[in-house]
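Starting from these lines, generate the structure:
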Amino acid sequence: MQKYIMEKTWDQDYAKDMFILWYLHDIGKQFWYTMDHAQKGWEILKKSDYKYWREVYYHWSIDTEYNSPELNLLNFSDLQVLQDWSQVTIDERLDDIRNRYGINSLQYKNAVLLAKKLIDLM
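Predicted structure coming up:
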């Protein structure tokens with residue numbers, strides 16, 4: 001497992017790639033607004049030969065062996081933005097998920113595990 005969330009040197013092209021990844025990662029919500037939207041949306045991106053389709057597929061996945069700096073960055077970033085695109089702390093994002101889905105929900109439990117995993121990488 002990689003120790004850090006991001007170790008890459010950021011040139012302009014890579015920064016653009018990461019912006020596009022962030023922009024496209026929830027494309028599945030345009031067609032399926034379900035918890036597994038990532039697993040559905042990646043199909044669209046893979047068919048388009050999008051190079052980060054695996055990051056879209058595995059975002060918010062807890063029990064996966066797949067790992068990349070881009071996946072870690074995507075998940076870390078996703079844990080700091082609300083649905084209205086406002087920037088928040090990880091704790092505020094977890095509170096939002098808990099309030100929307102409940103403390104015993106799979107969504108909240110997975111978000112807590114993901115946050116712990118990413119914080120451990122820092």
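
Now do the helix or strand of the chain with the lowest mean pLDDT: distance to the chain's middle.
The weakest-scoring helix or strand in the chain, judged by mean pLDDT, DSSP states H and E, is helix 37-47 (a mean of 77). Computed by Cα atoms, centre = their mean, to the nearest Å, the chain-centroid distance of helix 37-47 equals 14 Å.

right, and the helix or strand after that helix?
helix 53-58 (DSSP states H and E).

Can you name every helix or strand that that following helix contacts?
Helix 53-58 sits against helix 12-24, helix 37-47, helix 69-78, with contacts defined as 3 or more Cβ pairs under 8 Å, 6 or more residues apart in numbering; DSSP states H and E. Bear in mind the C-beta positions are built from the backbone N, C-alpha and C, glycine included.

coming back round to it: how many degrees apart are the least confident helix or strand of the chain and helix 12-24 in direction?
Calculated by axes from the mean of the first three to the mean of the last three Cα atoms, to 10 degrees, helix 37-47 forms an angle of 130 degrees with helix 12-24.

Among the helices and strands packed on helix 53-58, show me which one is buried the most.
helix 69-78 (a mean of 20; mean count of other Cβ atoms under 10 Å).

thinking again about what came up before, got TSV for the helices and strands packed on helix 53-58, with distance to W60 too?
Formatted as TSV, those follow (distance: least, Cβ to Cβ, whole Å):
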stretch	distance to W60
helix 12-24	14
helix 37-47	6
helix 69-78	7
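
In this structure, where is pLDDT below threshold?
For the chain, the stretches with pLDDT under 70 are 1-9, 29-39.

domain parsing for it?
9-66, 79-122 (automatic domain parsing).

For L73, which of those domains is the nearest?
Among these, domain 9-66 comes nearest to L73, with 6.5 Å by Cβ to Cβ.
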